[in-house]
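> need a structure here:
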Amino acid sequence: MRLIPRLPQRVSMPTEMEQALGLDQRGTSRLLAWSVLVGGGAAAATLRDLRIVTPRGQQIVRSWDAVDHAVWEQNSRMLVIWWVDSRRTTPLEIEDDIGRLPEVVRERVQASVVLTSSVPMPRGKPARVALRRDPDGNLIAQSLLPSGIKADAPDVKPVIDQALVDLWAEAGEQGLNAGAPPSI
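Numbers count the residues shown, from 1 in each chain. Prediction:
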């Protein structure tokens, strides 16, 4: 008996939720997972981005390279999203615990990270620098500084700039194919 591999089933959601989340009906933003949020709203993971309509009606659409990290707390069914460009988090209380949204969010964020490095900072807590893939597959550089550290401070900027140059060099051919490192 020959076994036929099972193909993953296509994820679908009610039309009104697709519209609220701004999902493309033509399928250019392939839906990977989604969940209803407690109090209303929904969150969806696509190949390109994370889409959220909060219970208060706020719409958030951010590419995976904009997500710093996410933490899933199984007991409370809370998925908390940290963003690269903000110290504010986005907590998502998932209504059902049978969906794959937390797992897919983790996978997509990890898939966007190409290289990362910790950088000692003059006043304690280290910064992080990273090369990540944007939705079009291009490499982009990011620096994530601890609270209270200014990127343009004279004792910080040269250290971060050098760390980014080192990451681009480590990316080698992969980095060159994605475009030259930014001028520093």
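> Tell me how this structure divides into domains.
Following the assignment in automatic domain parsing, the chain carries domains at 15-111, 112-177.
> Can you add mean neighbour count and give those domains back as JSON lines?
Heads up, the C-betas are built off the backbone N, CA and C, glycines and all. Listed next are these as JSON lines, based on neighbours: other Cβ atoms under 10 Å:
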{"stretch": "domain 15-111", "mean neighbour count": "16"}
{"stretch": "domain 112-177", "mean neighbour count": "15"}
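> Kindly present those as a markdown table, with separate columns for mean pLDDT.
Supplementary listing: the domains of the chain in a markdown table, determined by pLDDT from 0 to 100:
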| stretch | mean pLDDT |
| --- | --- |
| domain 15-111 | 90 |
| domain 112-177 | 89 |
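> Can you check which helix is longest in the chain?
In terms of residue count, the longest helix belonging to the chain (DSSP state H) is helix 157-177.
> so what does that helix touch, helix or strand wise?
Based on contacts counted as 3 or more Cβ pairs under 8 Å, 6 or more residues apart in numbering; DSSP states H and E, the elements that helix 157-177 packs against are strand 113-121, strand 124-133, strand 139-144.
> Which among the ones you listed is found nearest to residue 85?
Nearest of the helices and strands packed on helix 157-177 to residue 85, taken as Cβ to Cβ: strand 139-144 at 9.1 Å.
> Contacts only, for the closest residue to residue 60 other than its chain neighbours.
Beyond its immediate neighbours in the sequence, the residue positioned closest to residue 60 (Cβ to Cβ, 6 or more residues apart in numbering) is residue 52, lying 4.2 Å away. Residue 52 sits next to 21, 41, 42, 43, 44, 58, 59, 60, 61, 90, 92 when contact means Cβ atoms under 8 Å, 6 or more residues apart in numbering.
> which SSE is the last one in?
Taking DSSP states H and E as the definition, residue 92 sits inside strand 89-93.
> That strand packs against which elements?
With contacts taken as 3+ Cβ pairs under 8 Å, 6+ apart, strand 89-93 sits against strand 78-83.
> ok, back up a step: and the contacts of residue 52, which is closest to residue 135?
residue 61 (11.0 Å).
> The strand holding residue 92: partners in the sheet, and parallel or antiparallel?
Here the strand partners of strand 89-93, with direction, are listed using DSSP bridges: strand 78-83 (antiparallel).
> which residues touch the partner strand?
Strand 78-83 is contacted by residues 43, 50, 62, 66-73, 89-94, 101-102, 105 when judged by Cβ under 8 Å, 6+ apart.
> Alpha carbons of the longest helix of the chain, as PDB, please.
What follows is helix 157-177 as a C-alpha-only set of coordinates in PDB (Å, rounded to 0.1, in the frame of the first residue of the first chain):
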ATOM      1  CA  LYS A 157      26.600  55.300  17.500                       C
ATOM      2  CA  PRO A 158      30.100  54.100  16.500                       C
ATOM      3  CA  VAL A 159      29.600  50.800  18.400                       C
ATOM      4  CA  ILE A 160      26.200  50.100  16.700                       C
ATOM      5  CA  ASP A 161      27.500  51.100  13.300                       C
ATOM      6  CA  GLN A 162      30.500  48.800  13.600                       C
ATOM      7  CA  ALA A 163      28.200  45.900  14.800                       C
ATOM      8  CA  LEU A 164      26.000  46.400  11.700                       C
ATOM      9  CA  VAL A 165      29.000  46.500   9.400                       C
ATOM     10  CA  ASP A 166      30.200  43.200  11.000                       C
ATOM     11  CA  LEU A 167      26.800  41.600  10.400                       C
ATOM     12  CA  TRP A 168      26.700  42.700   6.800                       C
ATOM     13  CA  ALA A 169      30.200  41.200   6.300                       C
ATOM     14  CA  GLU A 170      29.100  38.000   8.000                       C
ATOM     15  CA  ALA A 171      26.100  37.900   5.600                       C
ATOM     16  CA  GLY A 172      28.700  37.800   2.800                       C
ATOM     17  CA  GLU A 173      27.300  36.800  -0.500                       C
ATOM     18  CA  GLN A 174      23.700  36.600   0.900                       C
ATOM     19  CA  GLY A 175      24.000  40.200   2.000                       C
ATOM     20  CA  LEU A 176      25.500  41.400  -1.200                       C
ATOM     21  CA  ASN A 177      22.700  39.800  -3.200                       C
END
